[in-house]
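Structural data only, the sequence is not supplied:
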Ligand code: NA
Ligand code: NA
């Protein structure tokens, strides 16, 4: 059988490397399979690839949290502000019960979660200044993806967030429609956004996963051995991908500094306090999940307490992901 | 791009005949009107949404969240409406070299073949869109919460209408005989 | 499988099946032969409709249509007449200057060809121009509209090449003016040989002065478009919407000829053009999926890299391919079909994407007035009531000018990259 594995990353991106690794691993343990890896969104963008996987046009896709949350809204909650204190915490949560719960919800929509890879942690870029304190970011015109939660975060911070398609982002920034935007460093670097917005504040404000998903109808037609093979391949390639993704972030900083970028660490605690209200809003809508996420992420979530007080012990003041 | 502007309804088939051909004519005109209404409605809505959003951003530093998302639903329907009018008025972009070179029965045969091919291809698209329609029921727009299936439905709708219009034209060709084949020089091309 | 797909595509095209259907049909053949699911057809057809930048197409069509359905068209011809009417073959040059000015409100050569052709070809014939020559001027000069911003083919190229539409728009101005000047020279040269009259504007400056004042708002449209883009007021899609608002204001407040009937006609015409153009864009998205799945662009790029030793040879080869394809295919369809492949090839020889875009549009615009299939050629011949071949003979000097400009664009990067 031929398995088409689609993703949107270009050569050099950790996701690209991991997809190749996945193909290699899957072929090794599933003798009769050939894997056709389709990179660079050649099979469509993330949302399309999800539909394609559901409809059986492709079999597997390394996708994005944003696109997936349009099908399984709960996934979007992984992007709650300052949820995970570092990447390893995020990985532990995704590989645990929260990941299982997301898988169950996905299967109702015709998708099987094979595992979670990484998409880094998001930072704020600005055309003319750094924004280490929440007071600095007030009034900023900032582009966000069309994601309700992300909009809520930046509204809580007193900015004017507006969603725009990523494809229009560079020209909109160049045109001065926005003061800046927010993305993981790898995205910023690969689309050269740092050349237009050379002031990057390391806010680490939201985590993003790269869910690896299979079409459920294809998945259910596999024998148990092949299923295990696919799951193992995803986990194995994922280990490497997470490592690469983390290293890429670290390597990018000096490279971007050489290209004229000014990095500043954000005052994490002040930002945590300023976005506490977002948790209250979402806790009303998804009480169980928000509670589970906060517990799993190592935050306490006692009633009446805002996220700020809950997270205080973990916040080290250093927002960078700890190894 | 498309042929020159023509106002009003299709007239390349000469005066309206009686009986069944006349009925065909009325159905085509009705389809044409629905297409026009969809175009006008979607254009007006998109225009207003984007313009208001620009004004809001400039004067008040805010924006309508869904203004950048509503096109995902309305542009496909604008296209479906436009494609409908292009079909009823015979204004699809095509290379009409062959019908221009031949005449008589040969031209008649070419038009019959074209409509048969359009029907076959359009029906193929309608049928093959079913898995996508099913899948897109699970997908919704981020800020509006509207299911993507409402946008995807424009594809089978547009191709369904194109198959229907071609079937009606075919009916007109069969009933009207050789004379019913349009003159390719009045048919607006490419 | 690609071979079968291309064969099926051309058989269907030759039969006069709409190009979009031919693309879908060809792709379906390839998918069936490979045992892939056909669900990809509907999905890829849908993809282009999800693009926000694509929205600029209907709104730029609409803005041009609103401007031209009002009194602006008459004023525009008179202003052009005042500027160049006094030269030999003045009325022919009016067509060209008119096209340059018209290009600023319209993104499509076809709209230009039918609007200016209907206004000028009958008058030119009355003044002694042969039908063939009048149609030739109109079919060639109207293509300037796709170089002066806004431009639908440049938007499409920007989307397939993932490059800045603003940069493309700005880069289009100079080639557009070069074509305009070159074509004016061609007309002047033919007019001298055929002893065609001068046609100065009656009433001279007095007539022009009044109309210039009223026509200025419409003439300012390209300045408005480039200005808003360059100075960061908005993105291309938003600018297209603002251009419609601007056209509505001009028609409502200055020309005072805005009616509900006219609005309805504009919406219908815009919808029709959008539908016809978008359907091809959607069809080529299907075709592209199959080509990419088979890695055709990459293989072709590799082949070109091995076969042609020097970059200038590659550029020549690209141009020859485009001239051949353009002879048969419509401009937007050809941009969409060749764009993604050529971008890959351009990267291997270090050709700038913006330069490639202008090279493609200048080249494929020639296809609009080459037989056997050329839209502005057909429209102009129909208005002038002459045969295609008669027009083609008169087009020879214009082909020369266009090829010269194309050669400059292809080999002098400074003309498109600043
Ligand atoms: Na133009
Ligand atoms: Na041609």
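Alright, I've got the coordinates. Since the structure is predicted, the reported quantities are computational estimates derived from the model, not experimental observations. Ligands and ions are numbered 1, 2, ... in the order given.

Those residues of chain A touching chain C, which are they?
For chain A, the residues in contact with chain C (C-beta under 8 Å from any C-beta of the partner chain) are A:36, A:38, A:42-45, A:47-48, A:51-52, A:55-57, A:164-165, A:167-168, A:170-172, A:174-177. For glycine as for every other residue, the C-beta is placed from the backbone atoms N, C-alpha and C.

beta partners of residue A:2?
According to DSSP bridges, the partner residues bridging residue A:2 are residue A:34.

Can you report how many residues neighbour it?
Residues lying near residue A:2 (other C-beta atoms under 10 Å in any protein chain shown) number 11.

And residue A:195, by the same measure?
By other C-beta under 10 Å, neighbour count at residue A:195 equals 16.

Could you tell me which residues make contact with it?
Contact analysis of residue A:195 by C-beta atoms under 8 Å, 6 or more residues apart in numbering or on different chains lists A:259, A:260.

okay, it: pLDDT?
Predicted confidence (pLDDT) for residue A:195: 89.

Quick check, residue A:78 in contact with residue A:207.
Yes: under the criterion of C-beta atoms under 8 Å, residue A:78 makes contact with residue A:207 at 6.0 Å.

Touching both of these two, which residues are there?
Joint contacts of residue A:78 and residue A:207 (C-beta under 8 Å, 6+ apart) are residue A:90.

Would you show me how to pick out the buried ones of the residues of chain A next to chain C in PyMOL?
Burial among the residues of chain A next to chain C is assessed by 16 or more other C-beta atoms under 10 Å in any protein chain shown; the matching PyMOL selection reads:
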select buried, chain A and resi 38+42+43+44+45+47+48+51+52+55+56+57+164+165+167+168+170+171+172+174+175+177
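
Mind checking which of the residues of chain A next to chain C land in strands?
Under the assignment DSSP state E, the residues of chain A next to chain C contribute A:36, A:38 to strands.

show me which of the residues of chain A next to chain C neighbour chain B.
A:47, A:51, A:55, A:56, A:57, A:164, A:165, A:177.

Contacts only, for the fourth one.
Counting by C-beta under 8 Å, 6+ apart, residue A:56 makes contact with A:215, A:217, A:218, B:131, C:37, C:39.

Could you list every helix and strand in contact with the strand or helix carrying residue A:18?
When secondary structure is defined by DSSP states H and E, residue A:18 falls within helix A:14-29. Of the remaining helices and strands, those touching helix A:14-29 by 3 or more C-beta pairs under 8 Å, 6 or more residues apart in numbering or on different chains; DSSP states H and E are strand A:2-7, strand A:34-38, strand A:60-62, strand A:111-126, helix A:224-258.

what residue of chain B is the furthest out?
Most distant residue from the mean C-alpha position of chain B: residue B:60, 39.1 Å away (C-alpha atoms, centre = their mean).

Which one of the residues in chain A is closest to chain C?
Nearest residue of chain A to chain C (C-beta to the nearest C-beta) works out as residue A:176 at 3.1 Å.

From ligand 1, how far off is that residue?
Look at residue A:176 and ligand 1: by C-beta to the ion, to the nearest Å, they are 24 Å apart.

What are the phi and psi values at that residue?
Per-residue torsions, residue A:176: phi 80, psi 10 (degrees, to the nearest 10).

Tell me what the residue lying closest to residue A:38 once chain neighbours are set aside is bridged to.
Nearest non-adjacent residue to residue A:38, counting by C-beta to C-beta, 6 or more residues apart in numbering or on different chains: residue A:6, 4.6 Å away. Bridge pairing for residue A:6 (DSSP bridges) gives the partners residue A:38, residue A:61.

Return the residues in contact with residue A:6.
Residue A:6 makes contact with A:38, A:42, A:43, A:44, A:49, A:52, A:53, A:58, A:60, A:61, A:62, according to C-beta under 8 Å, 6+ apart.

Show me what the helix or strand bottoming out on mean pLDDT in chain B is packed against.
None of the helices or strands of chain B scores lower by mean pLDDT, DSSP states H and E than helix B:97-101, at a mean of 79. Judged by 3+ C-beta pairs under 8 Å, 6+ apart, helix B:97-101 is in contact with helix B:105-128.

The helix it packs on vs chain C: in contact?
Yes: under the criterion of C-beta under 8 Å from any C-beta, chain C is reached by helix B:105-128 at B:110, B:113, B:114, B:117, B:118, B:120, B:121, B:122, B:124, B:125, B:127, B:128.

Give the residue spans of the chain that score low on pLDDT.
With no chain named, the answer covers chain A. For chain A, the stretches with pLDDT under 70 are A:167, A:299-323.

Correction: the question concerned chain C.
Applying pLDDT under 70 to chain C flags the ranges C:1, C:70, C:230-233.

Nearest to chain B within it, name that residue for me.
For chain C, C-beta to the nearest C-beta, closest residue to chain B: residue C:275, 2.2 Å.

Around ligand 2, pick out the residues from chain C.
Residues of chain C lying close to ligand 2 (C-beta under 5 Å from the ion) are C:327, C:367, C:370, C:373, C:374.

burial measure for the third one, as a count.
Yep, that's residue C:370 we're talking about. Neighbour tally, residue C:370, other C-beta under 10 Å: 19.

how close does the closest residue to it other than its chain neighbours get to residue C:372?
With C-beta to C-beta, 6+ apart as the criterion, residue C:370 has its nearest non-adjacent residue at 4.9 Å, and that residue is residue C:327. The gap separating residue C:327 from residue C:372 is 7 Å, by C-beta to C-beta, to the nearest Å.

Looking at the two, which one has more neighbours?
The neighbour comparison of residue C:327 against residue C:372 (other C-beta under 10 Å) goes to residue C:327, with 16 against 13.
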